[in-house]
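Enquirer: Would you be able to build a 3D model of this:
(4 chains)
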Number of protein chains: 2
Amino acid sequence: MVQPATNVALSHSAHDHDACIADALSRADALCRQQGLRLTAIRRRVLELIWANHQPTKAYDLLAQINAERGNAAPPTVYRALDFLLEAGLIHKIESQNAFIGCAVDHERNQPKFFICRTCGRAAEIQSSQIDDVIASEAEEAGFVVDHQTIEVDGLCAACAASTKS
Amino acid sequence: MVQPATNVALSHSAHDHDACIADALSRADALCRQQGLRLTAIRRRVLELIWANHQPTKAYDLLAQINAERGNAAPPTVYRALDFLLEAGLIHKIESQNAFIGCAVDHERNQPKFFICRTCGRAAEIQSSQIDDVIASEAEEAGFVVDHQTIEVDGLCAACAASTKS
DNA sequence: CGCGATGGCGTTATCATATAACATTAAGGA
DNA sequence: TCCTTAATGTTATATGATAACGCCATCGCG
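Expert: Alright, predicted model coming up:
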């Protein structure tokens, strides 16, 4: 399930992809410096690959990409990096796909949530706190203490819906 | 990861567990009859085991339970039954656990959503349409066409929160 | 500066989750 | 009855994740 290399080129809204990756990395550098975390070479490279793929990316695809450049990584290498990045809040796991994606959002008052397009495969992280509010009030009512949320909405993104419609 | 046999006994709110299973099965029978679906012996047994376990249940645990009684099932046997039951809407998959749980709810106007207790392991399916409404309006705004939702809220259920508090 | 503790990584093995592919059997309609 | 189709059996394998152990780099401390 390696993503075709052309996916980046298929980007719906043209954006400066290199800059977007660089930006994510510099945010990661800053966050780790600030928190006393060590963004080692492998961790940084895994994060970079995730951003470069621009889609939810599977652990074994990352492993293959790492091995293409260094040739000697085993699954724990990648999973440990992923665990670190998850812990640091730099990436999220898309549970419905067993895949990982860079975090694009500030989560001080929001839990991660995604709109995932079944056609182009992109996962857009959305920031609405409305959803969190409603869940919080439902939970309150049930006496349930919320710890973590998994919210993944599958469907068709605007661009893909438009090009399907014709 | 086989669940201990005592879990059923640990049920928070005492309820007639046998009746609850029987009820689920008769609803399944009715639905399949009505829709022209075949609830075969294996499919029915898998559904029954899922209800009997009373918690999100893993495919390989079901396989072990099946094999304990018939001794000759391989993974596809269970996965095919699960696929059928998912398709029919008789069970849901808890993505964050790779586990399956009986559907307790009418989904005409709701997508499945769960409160999952990290202490007792129970997953309560909740029926609020508020959450769906908010997601629908967020999606609308983004031009995203919703197909399916995965909503899993982890935390502490009321009973476990109470007994932890002390 | 050197030393020791800790955390990160390499390596091997294995467990856990899920599906492909093809053979066989059972159910239901013509 | 026979034929078609759907369901199941069976074998093999793909895919996702972790356990366990040893080595080595980094960093705080004397």
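
Enquirer: Enumerate the residues of chain A near DNA strand D.
Expert: A:M1, A:R38, A:K58, A:A59, A:Y60, A:A74, A:P75, A:P76, A:Y79, A:D83, A:N98 (C-beta under 7 Å from any atom of the strand). (Glycine included, C-beta is placed from N, CA and C.)

Enquirer: Show the contacting residues for A:T150.
Expert: By C-beta atoms under 8 Å, 6 or more residues apart in numbering or on different chains, A:T150 lies in contact with A:E95, B:E95, B:S96, B:T150, B:I151, B:E152, B:V153, B:D154.

Enquirer: again, only using 7 Å
Expert: Shown in contact with A:T150 (C-beta atoms under 7 Å, 6 or more residues apart in numbering or on different chains): A:E95, B:E95, B:S96, B:T150, B:E152.

Enquirer: For these, give me TSV that also has pLDDT, secondary structure and distance to A:S128.
Expert: Shown next, in TSV, are those (pLDDT from 0 to 100; DSSP: H, G, I helix; E, B strand; the rest coil; distance: C-beta to C-beta, whole Å):
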residue	pLDDT	secondary structure	distance to A:S128
A:E95	98	coil	19
B:E95	98	coil	21
B:S96	98	coil	21
B:T150	98	strand	16
B:E152	98	strand	18
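
Enquirer: Counting neighbours, which of the residues of chain A next to DNA strand D comes out on top?
Expert: The most crowded member of the residues of chain A next to DNA strand D, judged by other C-beta atoms under 10 Å in any protein chain shown, is A:K58 (19 neighbours).

Enquirer: Verify the stated contact: that residue with A:K93.
Expert: No. Counting by C-beta atoms under 7 Å, A:K58 sits too far from A:K93 to count as a contact (10.7 Å).

Enquirer: buried stuff in stretch A:27-35?
Expert: Buried residues in stretch A:27-35, counted by 16 or more other C-beta atoms under 10 Å in any protein chain shown: A:A28, A:C32.

Enquirer: Off-centre distance for it?
Expert: 17 Å (C-alpha atoms, centre = their mean, to the nearest Å).

Enquirer: element containing A:A19?
Expert: helix A:17-35 (DSSP states H and E).

Enquirer: correction: A:Q97
Expert: A:Q97 belongs to no helix or strand, assigned by DSSP H and E.

Enquirer: Make sure it is actually in contact with A:P56.
Expert: Yes. When contacts are counted by C-beta under 7 Å, A:Q97 is listed as touching A:P56 (5.2 Å).

Enquirer: the more surrounded of these two?
Expert: The neighbour comparison of A:Q97 against A:P56 (other C-beta under 10 Å) goes to A:P56, with 25 against 20.

Enquirer: now, which of the residues of chain A next to DNA strand D sits nearest B:P112?
Expert: Using C-beta to C-beta, A:N98 comes nearest to B:P112 of the residues of chain A next to DNA strand D, at 19.4 Å.

Enquirer: looking at it, that closest one is touching A:K58, isn't it?
Expert: Yes. Here A:N98 lies in contact with A:K58, judged by C-beta under 7 Å, at a distance of 6.5 Å.

Enquirer: Skipping its backbone neighbours, what lies nearest the residue nearest to the spatial centre of chain A in space?
Expert: The geometric centre of chain A, computed from its C-alpha atoms, lies nearest to A:I101 (C-alpha atoms, centre = their mean), at 1.6 Å. Leaving aside its chain neighbours, A:I101 sits nearest to A:P56 (4.7 Å; criterion: C-beta to C-beta, 6 or more residues apart in numbering or on different chains).

Enquirer: I'd like the distance between that neighbour and A:T119.
Expert: 14 Å (C-beta to C-beta, to the nearest Å).

Enquirer: what does A:L47 give?
Expert: For A:L47, the distance to A:T119 equals 26 Å [C-beta to C-beta].
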